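J.: predicted coordinates and the sequence they were generated for:
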Amino acid sequence: MSTSRETILTALQARLHSIPYVTVLRGGILPERVPAAGLLILRDGDPGAPGVTLSPLTYHYQHRAEIEAVVQTPDRDAAFDALCASISTVITADPTLGGLCDWVEAEAPQPVDLPVEGAVSLKAAVIPIILHYATADALA
C-alpha cells in the first residue's frame, strides 16, 4: 500500500511523462547525454512540517518537490522555454492530480547556463513544485 505522498509523487511523474519526447526520471542522476527534447528529473523534495487540525486528526502538508529541467541544444533558450511551458500546461490542466491533492503549483525557475567541454552548453534549472495535500497519518 502506497502512502499519500508516494501516490501523489507517482501521479505527478505520470503527468510529466505526458510531455512529448521528453525523458522523465524519478530521483535519477544526470546522464552523460541529455536527450534532444530535454530531460526532467523529479526529486521527492521535502514535505516540511505539517499544519495539524484535530477532530478528525489531519496533517496538512505543503510538500516542496523539485523538477530539475535540463536541455542541451544549440537553441537552448527556446528549448528551455518550451520545456517550462510544457510543465506549466501539464500542471494547470489538472492542478489537483485527479483529486489526490488540494492544489499543485509551480514556482518560477532560475535557469543557469552550464558549459560542457567539447559540447553544446546545458541550460538547466530547479523548478519547485508545491503539493498541497492532507492526510490522517503523518507517515502515510
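T.: Great, that's in hand.
J.: going forward, measure contacts and count neighbours with C-alpha atoms only.
T.: Fine.
J.: check which residues of the longest strand along the chain are buried.
T.: If you go by DSSP state E, the chain has its longest strand at strand 119-135. For strand 119-135, the buried set under the neighbour-count rule, 16 or more other C-alpha atoms under 10 Å, comprises 121-135.
J.: before we move on, what about stretch 71-82?
T.: For stretch 71-82, burial by neighbour count (16+ other C-alpha under 10 Å) applies to 71, 72, 73, 76, 77, 79, 80.
J.: tell me the mean pLDDT for that stretch?
T.: For stretch 71-82, the mean pLDDT works out to 94.
J.: for it, measure first residue to last.
T.: 10 Å (C-alpha to C-alpha, to the nearest Å).
J.: show me what it is in contact with.
T.: Applying C-alpha atoms under 8 Å, 6 or more residues apart in numbering, the contact partners of stretch 71-82 are 34-39, 69-70, 120-124.
J.: the same query, at a cut-off of 10 Å, please.
T.: Here stretch 71-82 makes contact (C-alpha atoms under 10 Å, 6 or more residues apart in numbering) with 22, 33-40, 69-70, 83-86, 88, 111, 113-114, 116, 119-125.
J.: buried only: go through the residues you listed for me.
T.: Among the contacts of stretch 71-82, those scoring as buried are 22, 34, 37-40, 69-70, 83-84, 86, 111, 121-125 (criterion: 16+ other C-alpha under 10 Å).
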